[in-house]
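Enquirer: Just a sequence and a predicted model for now, questions to come.
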Amino acid sequence: MGKILLRQSLILPRNLTGIRRGMGDGGWGIGAPICTSLVLPRNLTGRQVRFQITPPKTKPLFILILLLFSISLSAAWGETIIEQVAGGGFFVETHPAEAKVFIDGLERGRTPLFAGDLAPGTHTILITKDYYENWERRLSFPASGRLNLLIDLTPARGQLRLKLLDGGTEKPLPADGALSLEIFVDNTLYPYSADSAGLVLLLPEGQRTVFVRLFGYEETRKSVHIEKGRSLDLQFTLQPATLRLETLKANRSVFNPRNEGNLGVLTLNFAVSAPGFATLSVYAEDGALIFTDDVYDEGDGGRDPAAAFTRRNQKAVWAGKTGEGGGAGDKTPDGIYRLKLELRPPDDTAAAPDDDADSKSRWGELMVRVDSRAEIFPLSIQRAKSGLAHAEFTRTLPEGSFQFEGALLAGQFSAGETAFSSLPFSFAARFAPLSSLEIAGAVNITPQFADSHQKALIGAALSAKKELRRSASGTAAAIPGIALGVSYGWINGASDTEAGLSAGVSLNSAFSWELPAGFALLFSPALLWTGKDGYPAEPAPRLDLAGGILFHHAWVVAGLSLRALCAFTTPPPLSISAEVHLYPPPSNFVFGALANCKIVETDARFSFGITAGFIF
């Protein structure tokens with residue numbers, strides 16, 4: 001294994017000045033000795049010093065501990081870094097830049113700044129910038145070597161105390177317990193604390209715009225100038241808001257009520273300005289009313305018709321059924337539907353007419369499409385190809401849907417290897433940006449526990465699949481579903497991973513015959529220009545043959561698949577996998593298990609794994 005250089009930071013305790021301390025041999029260190037000495041400038045207390053580590057035989061566990069140690073210390077002690085490098089002089093850089101630099105009381109310029117004429121010894125460094133705290137230290141500069149100083153300046157802050165008044169009653173509004181209160185400073189949501197006198201914010205010095213939003217009141221904003229170290233009182237008089245619909249969005253533009261659990265439900269997310277009630281109505285293409293239901297406060301655990309909205313963000317749900325009052329009616333046929341959400345104030349018993357001037361802002365409409373072909377169910381995606389473990393399926397997710405999956409494998413993966421000598425794991429995702437188009441990606445990692453000198457195997461792949469034709473579901477149609485795609489994989493120093501991801505460029509095709517009772521036959525031949533590190537090493541492609549049988553019913557997906565990668569010069573290795581995926585309603589979580597057998601000539605290797613993820 002070659003030399004490893006780690007550039008890390010160390011936080012120095014107080015009273016360490018000009019110390020030379022051995023790393024290892026009883027000094028600071030973790031595990032084996034890692035370097036011979038560390039030279040520290042004088043007068044550095046509670047600050048960071050960067051140094052280099054050159055371990056002769058670095059172990060992955062040591063690296064991980066050291067990185068976590070450094071990161072945790074950096075987060076705890078600020079963002080000042082002092083570094084001694086070869087050369088001479090002094091260099092300082094700040095964030096933000098253009099800060100004034102004073103050395104021993106004399107202004108030398110603005111950052112970033114290099115001073116090459118600084119004499120060795122102790123000097124006082126002062127850095128100032130408007131609206132930021134001054135940074136001042138006494139540093140010891142060596143006779144040989146250059147000091148680099150990197151500083152994140154701390155914004156100077158002042159205190160703002162807010163008092164909120166009800167514009168209708170002129171009475172103070174309670175400062176505590178207001179879950180719906182939001183305070184924005186310069187368009188950024190800002191944290192605040194509350195006491196008996198009002199709200200307290202610590203804000204950066206300078207001109208600020210404060211914006212207050214409280215449910216039931218009109219939004220109000222004011223400009224204020226914050227001064228360092230000073231407290232300023234500011235009063236907001238909030239006027240009661242009229243009820244209006246501020247936003248209305250659906251989680252899907254196309255949905256299938258026959259999907260399981262939440263996957264077969266349409267959710268309307270909307271925002272209201274004040275307390276009130278709402279009614280959701282659904283109309284068919286011919287204008288007939290097919291569904292109506294009252295919408296209850298999102299903050300209320302029950303269905304209380306007397307409970308008006310108590311917060312801004314609300315939601316309404318339609319399960320794609322006909323009926324009234326949320327009853328379990330018939331599922332609607334495919335088609336375009338108009339969803340209308342109507343608000344009414346607490347003192348109204350019915351919604352006002354649409355042409356009423358006051359009610360125009362109290363209703364909104366959306367158009368959605370019900371499509372029974374928009375089926376959502378999980379598939380294996382650890383190879384960056386969706387389907388079974390080895391055979392690609394022609395189907396794509398509906399537009400806007402996505403799936404994420406993680407997997408952990410165990411077993412014997414190569415000849416002479418003992419079980420659990422490595423635990424390959426992977427992360428994968430797929431999503432559909434457009435109808436009938438799916439993008440998938442995967443990362444496979446195989447750590448090595450038996451030999452610490454052997455580097456971990458890391459692979460990544462990306463693919464695109466276009467569904468050209470869908471097989472007629474539930475029939476023994478002779479014409480199959482068809483999909484075409486392309487993929488690219490990269491693996492460090494290998495041609496494939498234990499999860500089946502292959503390095504190189506692949507042109508993919510998939511065919512499927514969907515049979516009665518939820519079964520489907522899969523066949524997915526591909527041409528693979530394979531090679532290590534993702535670069536094709538052979539002029540002629542290999543024939544990648546895969547097939548399987550898939551079963552899908554309710555919230556269960558299972559299957560058996562096999563794959564043979566034909567090189568035409570040696571017997572192809574044969575991989576066989578059995579798998580099951582469960583996504584019990586109403587949640588969107590997916591759990592699964594799989595078992596693999598890889599046959600290379602006369603050698604059979606067995607492994608198993610578990611998967612977990614979610615689908616939307």
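Expert: Yep, that arrived. Numbers count the residues shown, from 1 in each chain.

Enquirer: Let's see stretch 366-376 as CSV, backbone CA atoms only.
Expert: These are the backbone C-alpha positions of stretch 366-376, laid out as CSV (Å, rounded to 0.1, in the frame of the first residue of the first chain):
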residue,chain,number,x,y,z
LEU,A,366,-57.2,21.4,-9.7
MET,A,367,-57.4,18.9,-12.6
VAL,A,368,-56.1,15.4,-12.0
ARG,A,369,-56.1,12.2,-14.1
VAL,A,370,-57.1,8.8,-12.7
ASP,A,371,-55.1,6.1,-14.6
SER,A,372,-55.3,2.4,-13.7
ARG,A,373,-52.1,1.8,-15.6
ALA,A,374,-50.1,4.1,-13.2
GLU,A,375,-49.2,1.2,-10.9
ILE,A,376,-46.6,1.8,-8.2
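
Enquirer: Poorly predicted segments of the stretch 101-250 of the chain, please.
Expert: By pLDDT under 70, the weakly predicted segments of the stretch 101-250 of the chain are 175-179, 196-197.

Enquirer: And the strands in it, which stretches?
Expert: Ranges of strands within the stretch 101-250 of the chain are 106-110, 113-115, 121-128, 135-141, 146-152, 157-166, 182-185, 188-189, 193-195, 198-204, 206-213, 220-226, 231-238, 245-250, based on DSSP state E, counting those that start in this stretch.

Enquirer: okay if I get these as JSON lines plus distance to residue 525?
Expert: (C-beta placed from N, C-alpha, C; glycine too.) Below are the strands of the stretch 101-250 of the chain laid out as JSON lines (distance: least, Cβ to Cβ, whole Å):
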{"stretch": "strand 106-110", "distance to residue 525": "65"}
{"stretch": "strand 113-115", "distance to residue 525": "63"}
{"stretch": "strand 121-128", "distance to residue 525": "66"}
{"stretch": "strand 135-141", "distance to residue 525": "65"}
{"stretch": "strand 146-152", "distance to residue 525": "56"}
{"stretch": "strand 157-166", "distance to residue 525": "65"}
{"stretch": "strand 182-185", "distance to residue 525": "56"}
{"stretch": "strand 188-189", "distance to residue 525": "53"}
{"stretch": "strand 193-195", "distance to residue 525": "64"}
{"stretch": "strand 198-204", "distance to residue 525": "62"}
{"stretch": "strand 206-213", "distance to residue 525": "58"}
{"stretch": "strand 220-226", "distance to residue 525": "63"}
{"stretch": "strand 231-238", "distance to residue 525": "67"}
{"stretch": "strand 245-250", "distance to residue 525": "40"}
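
Enquirer: Residue 398 contacts residue 259, doesn't it?
Expert: No. Look at residue 398 against residue 259 with Cβ atoms under 8 Å: they stay out of range, at 9.2 Å.

Enquirer: shared neighbours, the two?
Expert: In terms of Cβ atoms under 8 Å, 6 or more residues apart in numbering, residue 398 and residue 259 are both contacted by the residues 374-376.

Enquirer: which one among those residues gets closest to residue 199?
Expert: Using Cβ to Cβ, residue 376 is the member of the shared contacts of residue 398 and residue 259 that lies nearest residue 199, at 44.6 Å.

Enquirer: so which strand or helix has the closest one?
Expert: Secondary structure from DSSP states H and E places residue 376 outside every helix and strand.

Enquirer: can you count the residues close to residue 461?
Expert: 27 (other Cβ atoms under 10 Å).

Enquirer: what's near enough to touch it?
Expert: Residue 461 neighbours (Cβ under 8 Å, 6+ apart): 383-384, 441-442, 487-490, 501-502.

Enquirer: Residue 99 now?
Expert: 110-111, 127-129, 132, 153.

Enquirer: Kindly recompute the last result at 10 Å.
Expert: Residue 99 sits next to 92-93, 109-113, 127-130, 132, 134-135, 151, 153 when contact means Cβ atoms under 10 Å, 6 or more residues apart in numbering.

Enquirer: One more: residue 200?
Expert: Counted by Cβ under 10 Å, 6+ apart, residue 200 has contacts 159-162, 175, 192-194, 231.

Enquirer: what's the answer for residue 367, then?
Expert: 250, 253, 285, 336-339.

Enquirer: cutoff 6 Å now
Expert: Residue 367 makes contacts with residue 338, as judged by Cβ atoms under 6 Å, 6 or more residues apart in numbering.

Enquirer: Could you do residue 225 as well?
Expert: Residues counted as contacts of residue 225 (Cβ under 6 Å, 6+ apart) are residue 207.

Enquirer: same thing but 8 Å
Expert: 206-208.

Enquirer: Buried among the residues you listed? Need that as a selection in ChimeraX.
Expert: In ChimeraX, this line selects whichever of the contacts of residue 225 come out buried by 16 or more other Cβ atoms under 10 Å:
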select :206,208
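
Enquirer: Quick check: of the contacts of residue 225, which lies closest to residue 139?
Expert: residue 206 (29.8 Å).
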